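Colleague: what's the 3D shape of this:
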Amino acid sequence: MDNPSDKRTTVLRWHTRYELYDYFRKNFSLTKKDVDREIYAVMATFRPRKGRTIKTAELWQKVGMNLEEKNTPSIEVEHID
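Modeller: Okay, the predicted model is just below:
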């Protein structure tokens, strides 16, 4: 039986820290310092799977997803009668 919490990301969007820097500089005008700040914040809360060491590829995905969520404006829809 598959455990849904044990599913692994199979498609990686960012393979290195430098890919994160480049992507967020181009698409969100964030600096290396902004990305590094998020990396340290995620590292403080990142829990390795089943006691394993942190895999950097998983860390970059988490950091990237967090930064995208924080920097993508949400669209508010007004209810029109």
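Colleague: Can you give the distance of the longest helix seen in the chain from its chain's centre?
Modeller: In the chain, assigned by DSSP state H, the helix with the most residues is helix 56-71. Taking CA atoms, centre = their mean, to the nearest Å, one finds helix 56-71 lying 1 Å from the centre of the chain it belongs to.
Colleague: Could you list the low-pLDDT ranges of the chain?
Modeller: 1-9, 48, 51, 75-81 (pLDDT under 70).
Colleague: which stretches of it form helices?
Modeller: Under DSSP H, the chain gives helices at 17-28, 32-45, 56-71.
Colleague: I'd like to know which elements the second one is packed against.
Modeller: Helices and strands in packing contact with helix 32-45 are listed as helix 17-28, helix 56-71; criterion 3 or more CB pairs under 8 Å, 6 or more residues apart in numbering; DSSP states H and E. C-beta: built from backbone N, CA, C; applies to glycine.
Colleague: I'd like the ones you listed as CSV, with mean neighbour count and distance to residue 43 appended.
Modeller: As requested, the helices and strands packed on helix 32-45 are exported to CSV (neighbours: other CB atoms under 10 Å; distance: least, CB to CB, whole Å):
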stretch, mean neighbour count, distance to residue 43
helix 17-28, 15, 12
helix 56-71, 16, 7
